[in-house]
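Q: Predicted model follows, preceded by the sequence.
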Amino acid sequence: MSTEPTPRPEPRVTTQTFRDKKARHEPITMLTAYDYGTAAAIDRAGIDSILVGDSLGMVVLGYETTLPVTMDDMLHHCRAVARGAHRALLIGDMPFMSYQASTADAVRNAGRFLQEAGMDAVKLEGGHERAEAVAAIVSAGIPVVGHLGLTPQSVHQLGGFRAQGRSPDAALRLLADAQELQDAGCFALVLESIPSRLGALLTQKLDIPTIGIGAGPDCDGQVLVTHDLLGMFDRFTPRFVKQYAQFHQLMQQAFTAYSEDVQLGRFPASEHTFSMSDEAWEALGSALEEGTGDA
């Protein structure tokens, strides 16, 4: 009988963990996931937080933008992620038009992420124009992550996927928006595609953690779309992405090898098949002959 103590499960990452890490100057790690298996692997790797991003519209569902993603899409994928991750802080991305029309819609839909999909928090895009919705969602007891800079749901208004905050006026607006989101109750802020200097300045000025994606190395944490990190999304690779693998190429090679093996009769081989004893086979033959005779 083993006398080894049963290892205690690691504690869940919480919003307080984020605040503590900022205070201790410890980097926060975040990745996206949209399915059970990926979530489990990210969780086991010790990543602090998993964002079920509306980026699933582009990297999983094949849309050109994130705009067609629905609440049903998001809740479906959030539930899968929640089944796979048991340590990381889980954040559900509120899709286009789930919070823009009214504050009541925003609170109701944010609540669904926690009540129906097992998320710990929600994320939404926008600054001053979203402060009222953020405050209402937080008042309902739902943690909120803000998102400034390149906000993909506003891609048409922004004129495409391009860096933001590069002029003094644009940078000042971002600074004001960030402060307003913090005042409204956001516990963290994603900064996407802004100058590195501006990312550092925002991180210094804000009491809440900043999570950068193309916002430089001085943010309190970093997030990437997992499909970009793994080289699974083959349309384009944003400048701010570091690819740690080339899974799309590897998958294509594996699929081609499988097809060739099937066509040439190399798969399935004997080690991929199940056996039946000679006695059982002979008994089956006898049973079939008797059945034919009766007919």
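A: Everything's here; your move. Numbering: from 1, shown residues only.

Q: Check which element follows the host helix or strand of residue 83 along the chain.
A: Assigned by DSSP states H and E, residue 83 falls within helix 71-84. Later in the chain than helix 71-84, the nearest helix or strand by DSSP H and E is strand 89-93.

Q: what's the angle from that next one to helix 71-84?
A: Calculated by axes from the mean of the first three to the mean of the last three C-alpha atoms, to 10 degrees, strand 89-93 forms an angle of 170 degrees with helix 71-84.

Q: And the nearest residue to residue 261 once chain neighbours are set aside, how far from residue 210?
A: Once flanking residues are discounted, residue 261 sits nearest to residue 267: 3.8 Å by C-beta to C-beta, 6 or more residues apart in numbering. C-beta here means a position set from N, CA and C on the backbone, and glycine is covered the same way. Distance, residue 267 to residue 210, using C-beta to C-beta, to the nearest Å: 50 Å.

Q: Looking at these two, which is more packed in?
A: Comparing residue 267 with residue 210 by neighbour count (other C-beta atoms under 10 Å), the higher total belongs to residue 210, at 27 against 13.

Q: Look up phi and psi at the more buried one.
A: phi -110, psi 140 (degrees, to the nearest 10).

Q: what about it, distance to residue 237?
A: Distance from residue 210 to residue 237, by C-beta to C-beta: 23 Å.

Q: The residue positioned nearest the centre of the chain: what's its closest spatial neighbour, skipping adjacent residues?
A: The structure's the chain has its C-alpha centroid closest to residue 32; by C-alpha atoms, centre = their mean the separation is 2.2 Å. Excluding the flanking residues, the one nearest residue 32 by C-beta to C-beta, 6+ apart is residue 53, at 4.5 Å.

Q: just checking, that neighbour touches residue 90?
A: No - taking C-beta atoms under 8 Å as the definition, residue 53 is not a contact partner of residue 90, at 11.8 Å.

Q: neighbour-wise, which of these two wins?
A: Neighbours were counted for residue 53 and for residue 90 using other C-beta under 10 Å; residue 53 has more, 30 against 27.

Q: quick one, what contacts the more buried one?
A: 32, 34, 93, 123, 225 (C-beta atoms under 8 Å, 6 or more residues apart in numbering).

Q: Tell me the confidence at it?
A: Predicted confidence (pLDDT) for residue 53: 98.

Q: measure it to residue 280 for me?
A: Taking C-beta to C-beta, one finds residue 53 at 53 Å from residue 280.

Q: cool, and residue 224?
A: Remark: distance between residue 224 and residue 280 (C-beta to C-beta) = 54 Å.

Q: Between the two, tell me which one has more neighbours.
A: residue 224 (22 against 10).

Q: can I assume the more buried one is in contact with residue 29?
A: No - judged on C-beta under 8 Å, residue 224 makes no contact with residue 29 at a distance of 9.6 Å.

Q: What sits closest to residue 132 if chain neighbours are left out?
A: With C-beta to C-beta, 6+ apart as the criterion, residue 132 has its nearest non-adjacent residue at 5.8 Å, and that residue is residue 103.

Q: can you tell me which residues contact that neighbour?
A: 132-133, 136.

Q: cool, residue 229 as well?
A: 31, 241-245.

Q: Mind putting those residues into JSON lines with secondary structure and neighbour count?
A: Formatted as JSON lines, those follow (DSSP: H, G, I helix; E, B strand; the rest coil; neighbours: other C-beta atoms under 10 Å):
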{"residue": "31", "secondary structure": "strand", "neighbour count": "23"}
{"residue": "241", "secondary structure": "coil", "neighbour count": "17"}
{"residue": "242", "secondary structure": "coil", "neighbour count": "9"}
{"residue": "243", "secondary structure": "coil", "neighbour count": "14"}
{"residue": "244", "secondary structure": "coil", "neighbour count": "12"}
{"residue": "245", "secondary structure": "coil", "neighbour count": "11"}
